[in-house]
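[1] let's see this in three dimensions:
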Amino acid sequence: MPLRRLRSIRYKLLLMVLTANLCTLLIAGGALLFNDLREYKHELQTEVDTQAQIVGLASVSALEFNDPKVANENLALLKAKPPITAAAIYTAKGKLFAQYTRNGATGVFPALPGPDGIVVEQDELLLYKRISTEHEILGTVFMRAKFDLWHRLQDYLLILSVVMVGSLALGSVMSARLQASVAGPILAIGAVARQVMEQRDFSLRATRSSQDEIGTLVDAFNDMLAEVGERTAVIEAAGRALEHEISERRATQQSLESSEHRSRSLVAAMSSLVWESNATGSFVAPQEAWQAYTGQSPAEYRDLGWRLAFHPDDQGTVDRQWQVAINSGRQFEFEARLYHAGSARFREISWRAVPVKDGAGKLIEWIGTVTDVDDQRRAEREVLKLNTELEGRVAERTKQLEEANRDLESFSYSVSHDLRAPLRAISGFAEMLARRHGSELSDEAVRLIDIVVAEANRMGMLIDDLLSFARLGRQSMHLTKVDMRGLARAVFEQIPQPRSEVAVELQLGTLPECQGDMSLLRQVWANLLSNAVKFTARAAQPHVEVGAISDPDKHIYFVRDNGVGFDATHKAKLFGVFQRLHSDAEFPGNGVGLALVQRIVARHGGMVWAESKRGEGATFYFTLPRSGEDDVERPA
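    Next up, the predicted model:
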């Protein structure tokens, strides 16, 4: 009984109305819910961003004059914004400058500020926004706000459920009243239709009870019954005629299948020059395309005469290929040389043949193509020849380069030896002169001798640095996993302090490990850290900071100091050999250290750059790839 009710149009109309109402409510409610949640998120983001801008603008002077009190007062004004649970201001170096928390919460501030933007974490919204002027970045505003999306969703779902239940109840009442006037006449038509199908009596008619669309449906149904009755008689007569036609079509079915097989084979073989032969490979039909290409007359190519158009050395191959194909009945292809009448010479061609079989699978003929590939093969041989010559040239140039490198290395050692011997003599005799005759010399003479000794020693160090720079390109790399934090600490501890009364303070952050050559990376840290110590010697409280930033592709390491800095307009000269931005009188050096740093980092697949302002310290950056071995130069 319940199943029969479900099949009735009365209950189907009811279900249709209720389903339409339900779908409409779900779609409208879902759209409203989505729009409200989106607007809620957008309004919260806009509110937090606006407050961050206000706090940032109000705290510019506090950051410039290092006044945390004013910054904390600015943050305290956020008490009027209940969604914001915590806020903080960081300096440009990532140090926590001022903070605010609602209800005294702890542990809500990150150690370092993140990049500009808004991040949603579970039920909280986090915002980072840079505080900057026209010339520099002063710091970062951080805000944490409640993102209470779940409770808002629950409220909307409850309201939507109440509205849906009420709408479905009202729809049920209205649908029940309309069913009698709509479903009654349709059910009557259904009853007449069942009688017609059971009794095969097309003279039965339904009674029209209304003047609306349902009445029109009744008239159309009665007309349809009359038409069906007439067509039934016609169909019975046509059925007898159809049986006769089917018997005739069966007779032609086999010929159609054979024609279809032949057509499919022809399409598969279509290419440049098309030919056809019988089952044994003889040309029996006219081959106009063959005659135009080879120049053979019909009398010459008839039967197996077409074989004579192939090069005499290839005719044996053609015969063997045909014999195998005839025995197997399979398609085949090969390349050979065929005479071309237009160029009066043999050209390389690609021969392809496809068998054509009847419905019983018996081979009845061959259809094939001839494609001229002479130009293609000539080009391939030319390319192969050029590649061979190019490989020979590359090998010769490589040999010459290796010989030049060996000569350069020999010259470097020779120059080193030839320069060191005079320098040792100059320094030794000057020191001997000072020891033996120092009492006889004037103070000015002693000072000049000391200058000679110092410059001779400086020249020796310069020769050592130049040789190291020259050898670096040929030195093999031994890649291992390097603890960059431990390496930087060890190198810093070995650097002599410029002033005994004030030690340079090292702030060593977390440095990720990397894949590289331990000795070469030690040289990078030694040059960068020794420069930082040297140029902070005049600072009241010398400070050096070492840290790193990572992204998906690389690690970015940096060394920051509070020394004298340099003019940023000349930073392009920093990493060139003998390029110095300070005189020896100010800070001693030879201008090779940073050039070594750049070459070592480049061999590891990274890059080096620097940022500074005169009198405000400097920051040197270098990158190393995270992929380990993909972007790092292999050992020689």
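[2] quick one: furthest residue from the center of the protein?
    With Cα atoms, centre = their mean as the measure, the chain has its most outlying C-alpha, relative to the mean C-alpha position, at E440: 77.5 Å.
[3] give me the pLDDT for it.
    What the model reports as pLDDT for E440 is 77.
[4] what ranges do the strands span in the stretch 51-200 of the chain?
    Read by DSSP state E, counting those that start in this stretch, the stretch 51-200 of the chain holds these strands, from start to end of the chain: 84-91, 96-101, 117-121, 124-132, 137-146.
[5] can you say which of the ones you listed is nearest to M16?
    M16 lies closest to strand 117-121 among the strands of the stretch 51-200 of the chain, at 41.6 Å (Cβ to Cβ). To be clear about C-beta, it is placed using only N, CA and C from the backbone, and glycine gets the same treatment.
[6] what mean pLDDT does that closest one get?
    Per-region confidence: strand 117-121 scores 82 on mean pLDDT.
[7] show me what the helix or strand containing A292 is packed up against.
    Following DSSP states H and E, the helix or strand that holds A292 is helix 288-294. Of the remaining helices and strands, those touching helix 288-294 by 3 or more Cβ pairs under 8 Å, 6 or more residues apart in numbering; DSSP states H and E are strand 273-278, helix 298-301, strand 332-340.
[8] all the helices of the stretch 351-500 of the chain, in order from the start?
    Listed in chain order, the helices of the stretch 351-500 of the chain (DSSP state H, counting those that start in this stretch) span residues 374-437, 443-472, 484-494.
[9] go through those and find the least confident stretch.
    Of all the helices of the stretch 351-500 of the chain, helix 443-472 has the smallest average pLDDT, which comes to a mean of 65.
[10] what's next to the longest strand seen in the chain, contact-wise?
    As assigned by DSSP state E, the longest strand anywhere in the chain is strand 345-357. Counting by Cβ atoms under 8 Å, 6 or more residues apart in numbering, strand 345-357 makes contact with 261-262, 265-266, 268-269, 271, 311, 318, 321, 325, 329-340, 363-374, 377, all of which sit outside it.
[11] same deal with stretch 110-128?
    41, 44-45, 48-49, 52, 85, 90, 94, 129-130, 140-150.
[12] can you select the buried ones among these for me in PyMOL?
    What follows is the PyMOL syntax selecting those of the contacts of stretch 110-128 that are buried according to 16 or more other Cβ atoms under 10 Å:
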select buried, resi 41+44+45+48+52+85+90+129+130+140+141+142+143+144+145+147+149
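[13] pLDDT score assigned to the closest residue to R626 other than its chain neighbours?
    By the measure of Cβ to Cβ, 6 or more residues apart in numbering, the closest residue to R626 outside its immediate chain neighbours is K554, 5.6 Å from it. Looking at K554, its pLDDT stands at 91.
[14] any idea how far K554 is from N527?
    Taking Cβ to Cβ, to the nearest Å as the measure, K554 falls 20 Å from N527.
[15] quickly list what F620 is bridged to.
    On the basis of DSSP bridges, F620 is bridged to V559, A610.
[16] what's the separation between it and L63?
    Using Cβ to Cβ, one obtains 25 Å as the distance from F620 to L63.
[17] again with V173
    69 Å.
[18] give the contact list for A488.
    Residues in contact with A488 (Cβ under 8 Å, 6+ apart) are L508, L511, W525, L529, V546.
[19] sorry, back to before: adding distance to V354, mean neighbour count and mean pLDDT, write the helices and strands packed on helix 288-294 out as a markdown table.
    Below are the helices and strands packed on helix 288-294 laid out as a markdown table (distance: least, Cβ to Cβ, whole Å; neighbours: other Cβ atoms under 10 Å; pLDDT from 0 to 100):
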| stretch | distance to V354 | mean neighbour count | mean pLDDT |
| --- | --- | --- | --- |
| strand 273-278 | 10 | 18 | 89 |
| helix 298-301 | 20 | 14 | 91 |
| strand 332-340 | 9 | 17 | 90 |
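[20] coming back round to it: neighbouring strands - and their directions - for the longest strand of the chain?
    Within its sheet, strand 345-357 is paired with strand 332-340 (antiparallel), strand 363-372 (antiparallel), according to DSSP bridges.
[21] contacts only, for E248.
    Under the criterion of Cβ under 8 Å, 6+ apart, E248 has no contact partners.
[22] in which helix or strand would I find it?
    Taking DSSP H and E as the criterion, the element that holds E248 is helix 213-269.
[23] avg pLDDT for that helix?
    For helix 213-269, mean pLDDT rounds to 69.
[24] do the same with stretch 557-576
    Mean pLDDT, taken over the full extent of stretch 557-576, equals 78.
[25] chain center to that stretch: distance?
    Mean C-alpha position of stretch 557-576 versus that of the full chain (Cα atoms, centre = their mean, to the nearest Å) differs by 34 Å.
[26] stretch 386-402 now?
    On Cα atoms, centre = their mean, the centre of stretch 386-402 falls 36 Å from that of its chain.
[27] ditto for stretch 604-612
    On the basis of Cα atoms, centre = their mean, stretch 604-612 is displaced by 24 Å from the centre of the chain it belongs to.
[28] again with stretch 372-391
    Here the centre of stretch 372-391 is set off from its chain's centre by 37 Å, with Cα atoms, centre = their mean.
[29] mind checking which of the contacts of strand 345-357 are buried?
    261-262, 265, 269, 318, 321, 325, 331-332, 334, 336-340, 363, 365-370, 373-374.
[30] what is the end-to-end distance of stretch 362-382?
    Across stretch 362-382, the straight-line distance between its terminal residues is 45 Å, by Cα to Cα, to the nearest Å.
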